[in-house]
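Student: Quick one: sequence and predicted model below, then my questions.
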Amino acid sequence: MKIKKFGSTEANIYEIVRPIAEENGLIVWDVRFEKEGAMWYLRVLLDHAERAVNIADCEAVTRPLNKILDDTDPIPQTYTLEVGSAGLERELIRETHFDACEGSKVRVRLIRPLEDGTKELTGTLISCDRENVTVDDGTQRTLPLAGVAFVRLADFDEEEIRKAVKE
């Protein structure tokens, strides 16, 4: 895995969407401009400091963002706009993600198992730089990012979520 930086399209869209999100009390977690098959997708992932992002939040950002994108046409090719929540198990891929989540519980999946056979571990994110991620899962481990498939946030109680879904 490599720490990703915004491409020029993503950085441009971030600057457009950030004030819209902030007006609605939201945080832009990520902007991704990705090609899947023959289609391009512009994905804006939102977060909120105190609660889950809901459909009304996504709509409150989508409408004005869509208008600005239509008016300014900053992306030359055809694409599909998707605005959504970053999600509970959001993937950490940018420096800002790792910085924001230091001290949080994360799940790390490795490309190849460690010497003790461990291929996935859950622990506290201690730090991350361009080369390594350090996680404490009872033992502080510094893992080379080149051997990491992904790092995802895991700071939630699955039992509480099951109860909330049933209600």
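Tutor: Happy to help now that I have it. Numbering: from 1, shown residues only.

Student: Walking through this protein, point out its helices one by one.
Tutor: Counting by DSSP state H, the chain has helices at residues 8-23, 55-72, 95-101, 158-166.

Student: okay, these in a markdown table with distance to Gly117 and mean neighbour count next?
Tutor: C-beta here means a position set from N, CA and C on the backbone, and glycine is covered the same way. Listed next are those as a markdown table, based on distance: least, Cβ to Cβ, whole Å; neighbours: other Cβ atoms under 10 Å:
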| stretch | distance to Gly117 | mean neighbour count |
| --- | --- | --- |
| helix 8-23 | 38 | 16 |
| helix 55-72 | 41 | 14 |
| helix 95-101 | 26 | 16 |
| helix 158-166 | 24 | 9 |
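
Student: Which one of these lies nearest to Ala149?
Tutor: helix 95-101 (15.7 Å; Cβ to Cβ).

Student: And the closest one, what does it pack against?
Tutor: Packed against helix 95-101 by the contact rule (3 or more Cβ pairs under 8 Å, 6 or more residues apart in numbering; DSSP states H and E) you find strand 120-128.

Student: If we go by neighbour counts, what in the strand it packs on is buried?
Tutor: Leu121, Gly123, Thr124, Leu125, Cys128 (16 or more other Cβ atoms under 10 Å).

Student: Next: stretch 102-115.
Tutor: Neighbour-count burial for stretch 102-115 [16+ other Cβ under 10 Å]: Val106, Arg107, Val108, Leu110.

Student: Look up how far Ala60 lies from Val135.
Tutor: Plainly put, Val135 is 36 Å away from Ala60 if you go by Cβ to Cβ, to the nearest Å.

Student: okay, now the domains of this protein?
Tutor: Domain assignment of the chain by automatic domain parsing yields the ranges 8-85, 95-153.

Student: In a markdown table, list these along with mean pLDDT.
Tutor: Below are the domains of the chain laid out as a markdown table (pLDDT from 0 to 100):
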| stretch | mean pLDDT |
| --- | --- |
| domain 8-85 | 93 |
| domain 95-153 | 90 |
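
Student: just to revisit the earlier point, quick one: which of the buried residues of stretch 102-115 sit in strands?
Tutor: Secondary structure defined by DSSP state E assigns Val106, Arg107, Val108, Leu110 of the buried residues of stretch 102-115 to strands.
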